[in-house]
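> Sequence isn't available, so here's the structure alone:
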């Protein structure tokens, strides 16, 4: 039997809250393994001031957030799980494609359907005005809260520094990064570039994770959401592409997350290093890499992008 969940009751199924809650209303049908949610996209939402100034576009990873929240709610309902005991966790993303930009005034319809063979695999999409804006697959699991270890590192561990790399002239501070990419607060997620190897198409960026960031206001536990880790990787790739002389006055549009896997939580106090390898031919390219804290690999991501003129 279909169950309609209004905004005031979403907390029974979805652990995230504002500003990371990307669903306004839910419809759950555990008998068919299907769910739908809606999101009314408004200019009043804080991420638009940083993505992007003078050209507000909803970040693709927040569409992924909406997809994961609808899928998580369906899994919680089908398992009759309680959020006080279990936490829905994103394990992987596959073939997540961004087809149409979402802007203020759009009305998102988010659909998720459980795979017939794998109960933790969900096929999902976002539609705006009958057009697919985003679609792909994600793997979710329910983890007992007692088994989740959010703090696995002490106050001392190996952290990346500029001194770790020899090419000091290729390193960039936050002012240089902001000259290269259009992202701004509260959606600028690279603090420093530690290493840029033009010859081998490699960039190493740094993100300092602190509990004072606005996004942690919407997380049920103080962890960096997996979809935000994808955005950090994307911004590092964007910084590499837009510092190339031939890409002056151009923009990078990320077309898809081909694959992403998430292994360990990232928590406040961590220094997250993102190491990306960029390959491009003409207007199109690919970025592959790993994110890590000290010697611990936290996630891996592979994505595709297009380099376009600003007028487009």
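Yep, that arrived. In this text the structure is predicted, and so the values were computed from the model without any measurement.

> When you work out contacts or count neighbours from here on, use the C-alpha atoms and nothing else.
OK.

> For residue 229, pull up the helix or strand it's in.
In the assignment (DSSP states H and E), residue 229 maps to helix 226-242.

> The helix or strand that that helix is followed by - contacts with which helices or strands?
Sequence-wise, the next helix or strand downstream of helix 226-242 (DSSP H and E) is strand 250-262. Judged by 3 or more C-alpha pairs under 8 Å, 6 or more residues apart in numbering; DSSP states H and E, the packing partners of strand 250-262 are strand 86-98, helix 226-242, strand 296-309.

> quick check, distance from the first one to the centre of its chain.
The chain centroid and the centroid of strand 86-98 are separated by 10 Å, computed with C-alpha atoms, centre = their mean, to the nearest Å.

> Could you do stretch 237-245 as well?
Centroid separation for stretch 237-245 versus its chain: 20 Å, with C-alpha atoms, centre = their mean.

> and it, which residues are buried?
Across stretch 237-245, burial judged by 16 or more other C-alpha atoms under 10 Å covers 237, 238, 239, 240, 241, 242, 243.

> and if you look at stretch 115-131?
Across stretch 115-131, burial judged by 16+ other C-alpha under 10 Å covers 120, 121, 122, 123, 124, 125, 126, 127, 128.

> Dump those into a markdown table; add pLDDT, secondary structure and distance to residue 187 as well.
Supplementary listing: these in a markdown table, determined by pLDDT from 0 to 100; DSSP: H, G, I helix; E, B strand; the rest coil; distance: C-alpha to C-alpha, whole Å:
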| residue | pLDDT | secondary structure | distance to residue 187 |
| --- | --- | --- | --- |
| 120 | 96 | coil | 30 |
| 121 | 98 | strand | 29 |
| 122 | 98 | strand | 27 |
| 123 | 98 | strand | 27 |
| 124 | 98 | strand | 25 |
| 125 | 98 | strand | 23 |
| 126 | 98 | strand | 21 |
| 127 | 98 | strand | 23 |
| 128 | 98 | strand | 23 |
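
> Closest to residue 146 out of the residues you listed?
When those are ranked by distance to residue 146 (C-alpha to C-alpha), residue 120 comes first, at 20.3 Å.

> Would you list the phi and psi of that closest one?
phi -100, psi 0 (degrees, to the nearest 10).

> these two touch, right, it and residue 114?
Yes. Using C-alpha atoms under 8 Å, residue 120 is in contact with residue 114, at 7.3 Å.

> To which secondary structure element is the closest residue to residue 12 other than its chain neighbours assigned?
Distances taken as C-alpha to C-alpha, 6 or more residues apart in numbering place residue 83 nearest to residue 12, at 6.8 Å, with adjacent residues excluded. Element membership of residue 83, judged by DSSP H and E, is empty: it is in no helix or strand.

> Compute the distance between residue 83 and residue 89, please.
12 Å (C-alpha to C-alpha, to the nearest Å).

> Same check on residue 143?
Applying C-alpha to C-alpha to residue 143 and residue 89 gives a distance of 7 Å.

> can you list the weak-confidence ranges in the stretch 151-300 of the chain?
151-170 (pLDDT under 70).

> where do the helices sit along it?
174-180, 226-242 (DSSP state H, counting those that start in this stretch).

> Including distance to residue 219, could those go into a markdown table?
Supplementary listing: the helices of the stretch 151-300 of the chain in a markdown table, determined by distance: least, C-alpha to C-alpha, whole Å:
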| stretch | distance to residue 219 |
| --- | --- |
| helix 174-180 | 26 |
| helix 226-242 | 11 |
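
> tell me how far the helix holding residue 229 is from the chain's mean position?
Distance, centroid of helix 226-242 to centroid of chain: 9 Å (C-alpha atoms, centre = their mean).

> Tell me what angle it forms with strand 250-262.
Here the directions of helix 226-242 and strand 250-262 differ by 140 degrees (axes from the mean of the first three to the mean of the last three C-alpha atoms, to 10 degrees).

> Need the contact partners of helix 226-242.
The contact list for helix 226-242 (C-alpha atoms under 8 Å, 6 or more residues apart in numbering) reads 61-62, 64-65, 90, 177, 180-181, 189-190, 196, 202-205, 207, 247-248, 250-252, 254, 260, 262, 274, 276, 278, 287, 289, 291, 299, 301, 303.

> Name the secondary structure element that contains residue 74.
helix 60-79.

> Report the inter-axis angle for that helix versus strand 86-98.
Between helix 60-79 and strand 86-98, the angle comes out at 140 degrees (the same axes, to 10 degrees).
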